[in-house]
Structure formats: structure tokens, C-alpha cells
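**Student:** need a structure here:
(one chain, ligands or ions: 1)
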Amino acid sequence: MLVTPPIARAATSPRGTSRVVPTGVERPYGREEIIVSKTDTKGVIRYANDIFLRVAGYDESEIIGMPHNVIRHPGMPRAVFQVMWNTISAGEELFAYVVNLAADGGHYWVLAHVTPTFDTTGAIVGYHSNRRWVEPEIRDEVAAVYARVLHTEAAQRRTSDAIAAGVAALTDELASAGHTLDTWVWALAGRDMAGNQTAGRQMAGAR
Ligand SMILES: Cc1cc2nc3c(=O)[nH]c(=O)nc-3n(C[C@H](O)[C@H](O)[C@H](O)COP(=O)(O)O)c2cc1C
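**Tutor:** Predicted structure coming up:
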């Protein structure tokens with residue numbers, strides 16, 4: 001069953017300027033850092049850690065209370081967020097590669113682990129996302145798939161048609177390589193983490 005993501009306000013900069021324009025400049029962060037945010041059930045940001053604030057380039061007072069699409073990058077297919085909301089609102093976790101837009105128009109790739117938070121009765125009371133560094137080689141591979149899905153979405157006039165076409169394009173492309181979204185992300189993450197450890201050892205050796 002497809003779940004419609006909650007309608008969030010259009011992404012506007014909390015600084016009161018209009019939409020943030022991507023600059024193509026990457027925002028640096030450390031391989032060991034974890035970028036964290038928590039939201040309510042509608043995706044409104046209720047918590048962001050210091051690393052989130054630094055990398056996304058916002059003050060806490062600007063970001064708390066904003067819909068999470070405030071950092072949505074135009075290079076992200078709608079289909080990925082559709083699958084994300086579908087999964088987490090069903091009470092399950094999701095791993096996904098995401099490129100985000102910082103306040104200054106820079107971008108940063110992450111491997112996001114998004115989970116629902118439950119109360120004692122088992123009801124979902126919010127969501128939590130932990131994000132980690134992505135190796136450049138993996139980013140390029142994911143970006144190529146996302147670009148094809150975006151192309152398919154862009155051919156549709158209605159948003160609902162774009163989402164449906166995007167989900168179909170993503171599912172079909174991954175299926176032709178023998179993957180679901182989940183197994184694809186895990187296959188990439190395995191290589192990603194191996195690269196991360198090698199880089200970590202090299203950095204430790206250089207010290
Ligand atoms: C816990 C949580 C974390 C999220 N993190 C991000 C994120 O890092 N970047 C992003 O673009 N959307 C994120 N989203 C999804 C947004 O809520 C939204 O669905 C997405 O940005 C697409 O927005 P749009 O439908 O307005 O295009 C997150 C949602 C939740 C619940």
C-alpha cells in the first residue's frame with residue numbers, strides 16, 4: 001500500500017530568503033561523525049545535533065519547528081521519500097542514500113538510517129534519523145541511479161504521477177540488477193563501510 005507522505009510546507013529558508021539555490025559545493029564533515037535529527041509524526045524537526053547544525057549550516061533556533069524538507073536537495077527523487085515514508089509509517093526502519101541541501105546551497109551525501117519512535121502503547125510518536133558519511137565512489141553510483149529516476153519523474157506533470165513513475169523506475173532499475181531498494185543499499189553500504197575503514201586506517205597511519 002502506498003502511503004502519502006504528510007504535506008509539508010514548501011521548503012523555504014528559515015532566514016526568510018526564498019528557496020536555497022544549490023551551488024554544487026560539497027559541505028565537508030568527518031567520516032566518524034553522525035548527523036542526527038528527530039521529527040514529530042509529520043516530519044517537523046524537533047531535535048538536531050550539533051553536527052547536523054554545523055553541516056546543514058543552520059542555527060538551532062532556525063531549524064527546530066521546520067519541516068524536514070527544508071534541507072531537500074533537488075537531486076533527490078520523490079520516489080525515495082515516498083518509499084521512506086511508506087516504510088517508517090508502517091513501523092519499520094529504512095536505510096537510504098540521500099543528498100541534502102545546506103543553508104548556503106552546498107550539499108552533503110549521507111547514508112541515513114531512519115526509524116520510528118514508539119510510545120509505551122506501540123503508537124508511533126515521531127521519527128529519528130542517524131546519518132553517516134558516504135564514500136565518493138558510492139555517491140557517484142547512487143547519483144547516477146537517482147538522476148535516471150528524476151528524469152522519469154520530470155516527464156510527469158502531476159506530482160502523484162511523478163511519484164508513481166519514479167517508484168516504478170527505481171524498482172525496475174534495481175530489479176534488473178537483482179536488487180530491491182533494501183538489498184541495493186546494503187550491497188553499497190558493505191563497500192562503503194569497507195572504504196571507510198581503509199580510509200580510517202590510512203588516516204591513523206598518517207598521524
Ligand atoms: C526522521 C526524518 C528524517 C528526514 N531526513 C531528511 C533529510 O535528511 N533530507 C530530506 O530531504 N528529507 C528528509 N526527510 C523527508 C522529508 O520529511 C520530506 O519527505 C522530503 O524532504 C521530501 O519533501 P517534499 O515532499 O516536500 O519534496 C526526513 C523525514 C523524517 C521523518
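**Student:** and residue 120, which helix or strand is it part of?
**Tutor:** Following DSSP states H and E, there is no helix or strand that holds residue 120.
**Student:** tell me the strands beside the host helix or strand of residue 47, with direction?
**Tutor:** Element membership of residue 47 [criterion: DSSP H and E] is strand 45-48. When pairing is defined by DSSP bridges, strand 45-48 lines up against strand 35-39 (antiparallel).
**Student:** next, the buried residues of the strand it pairs with.
**Tutor:** 35, 37, 39 (16 or more other Cβ atoms under 10 Å). C-beta coordinates here come from the backbone N, C-alpha and C atoms, glycine included.
**Student:** okay, and the beta partners of the second one?
**Tutor:** When assigned by DSSP bridges, residue 37 has beta-bridge partners residue 48, residue 129.
**Student:** what are the buried residues along the strand holding residue 47?
**Tutor:** Buried, per 16+ other Cβ under 10 Å, within strand 45-48: 45, 48.
**Student:** also stretch 145-163?
**Tutor:** Buried residues in stretch 145-163 (16+ other Cβ under 10 Å): 145-146, 149-150, 152-153, 162-163.
**Student:** ok, residue 53 to residue 129 distance?
**Tutor:** Residue 53 is 14 Å from residue 129, where distance means Cβ to Cβ, to the nearest Å.
**Student:** of those two, who's got more company?
**Tutor:** Between residue 53 and residue 129, residue 129 has the larger neighbour count (other Cβ atoms under 10 Å), namely 23 against 18.
**Student:** contacts only, for that one.
**Tutor:** 36-39, 112-115 (Cβ atoms under 8 Å, 6 or more residues apart in numbering).
**Student:** restrict these to contacts with the ligand.
**Tutor:** For the ligand, the contacts drawn from the contacts of residue 129 by Cβ under 6 Å from any ligand atom are 37, 39, 114.
**Student:** skipping its backbone neighbours, what lies nearest residue 47 in space?
**Tutor:** Nearest non-adjacent residue to residue 47, counting by Cβ to Cβ, 6 or more residues apart in numbering: residue 38, 4.0 Å away.
**Student:** check the closest residue to residue 25 other than its chain neighbours and give its pLDDT.
**Tutor:** Using Cβ to Cβ, 6+ apart and skipping the chain neighbours, the partner closest in space to residue 25 is residue 106 (4.6 Å). Looking at residue 106, its pLDDT reads 97.
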